[in-house]
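[1] After the sequence you'll find the predicted model.
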Amino acid sequence: MAIHLYRIDDRLIHGQVVVGWGQPLNARFLVLVDDLVASSDWEKELYRMAVPPEMDIYFADVGTAIREHATYAADPRPGILITGDIASMYRLAKGVKAIGNVNLGGIHHRAGRSEKLRYVFLTPDEERQLRELEAAGVEVTAQDVPSARARPLLEVLEGESR
Amino acid sequence: MNEDVGGVPGNPRAIVVGHGEFAGGLVSAVGQICGMADKLIVLSMMGMTPEDIETTIRDELTRTGARVIFTDLPAGSATIAARRIVRDDPGIVLVSGVNLATLLDFVFNTAVPPTEAARAAAERGKASLIVVGR
């Protein structure tokens, strides 16, 4: 499989993704799956300018990503797929059975979310979606950078403070 | 003696924002070298959502009257946020990839408006990168 990392990160493309993961994975393309970004030329240009020249970037809404996933996966180059929220990855993984693991990379504090890790805050509904993914056979782990330990979902849901 | 042109007299002339303690470290170095760290505002974005980063930068620009934003990585969240701000107000200048030489040139160049000083400082910063050895 050419996609080495399926990541949920509300910052979408940023240093941890492009450099932190992109370098060790030798990533040569990024798939940014976001309905809002995919519908806006300005947003696409904003993120296109943030990636280094040796890296291609593809934009897709969730529906398109489900249809095109086989194409991304057939790409011989290493790639990273990113969504900005759990709901988008949940829809994507429900539509693409080939997705075997999901990385929680950055889901920060918002109203209604409670802290699980320093970089993972979840609403009850988001927690439910992640549990459903795991129950469906998708391994969900939290790991902000490659040098950190990948924490299994159950450990994440218990939270750092407990 | 340079006269301080542009910006709000006595106020910081730019915001510095980046990953981890990058901004604080860089501005601390400016203070150690020339004692002009008060010309720069340090912002950290650790643990922030993209919306929080953008709001924080906007609030500091409004509060201080600064018209220049320095960020570290072109791919960084702060740069993305700053580019959204520049879209809304093209009179603000963003310099990404800032280094110490850039900031030092900027804080000393008070003879021109901060936005102009930022452009000149960016050129100085590029030129400061040298490679020695084989």
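    That came through, no problem. Numbers count the residues shown, from 1 in each chain, chains lettered A, B, ... in the order given.

[2] Give me the contacts around the helix or strand bottoming out on mean pLDDT in chain A.
    Of all the helices and strands that make up chain A, helix A:15 has the lowest average by mean pLDDT, DSSP states H and E, namely a mean of 87. Defining contact as Cβ atoms under 8 Å, 6 or more residues apart in numbering or on different chains, one finds that helix A:15 is touched by B:19, B:72-73, B:75-77. C-beta here means a position set from N, CA and C on the backbone, and glycine is covered the same way.

[3] Can you tell me which residues in chain B are near chain A?
    Taking Cβ under 8 Å from any Cβ of the partner chain as the criterion, the neighbours of chain A within chain B are B:19, B:47-50, B:52, B:72-77, B:79-80, B:83-84, B:87.

[4] now the strands: where do they sit in chain A?
    The residue ranges that make up the strands of chain A, judged by DSSP state E, are A:3-9, A:29-33, A:56-60, A:79-83, A:101-106, A:114-117, A:120-122, A:139-142, A:151-152.

[5] which secondary structure elements does the third one contact?
    This points to strand A:56-60. Using 3 or more Cβ pairs under 8 Å, 6 or more residues apart in numbering or on different chains; DSSP states H and E as the contact definition, the elements that strand A:56-60 packs against are strand A:29-33, helix A:35-38, helix A:41-48.

[6] Please identify the most buried of those.
    Here the criterion is mean neighbour count by mean count of other Cβ atoms under 10 Å in any protein chain shown, and of those the winner is strand A:29-33, at a mean of 24.

[7] now the angle between helix A:41-48 and that one, please.
    Strand A:29-33 runs at 140 degrees relative to helix A:41-48, counting by axes from the mean of the first three to the mean of the last three Cα atoms, to 10 degrees.

[8] so where's the chain uncertain?
    Assuming you mean chain A. A:1, A:160-162 (pLDDT under 70).

[9] switch to chain B, that's the one I care about
    B:1-10.

[10] Which parts of it are helices?
    B:22-34, B:50-64, B:77-88, B:100-108, B:114-127 (DSSP state H).
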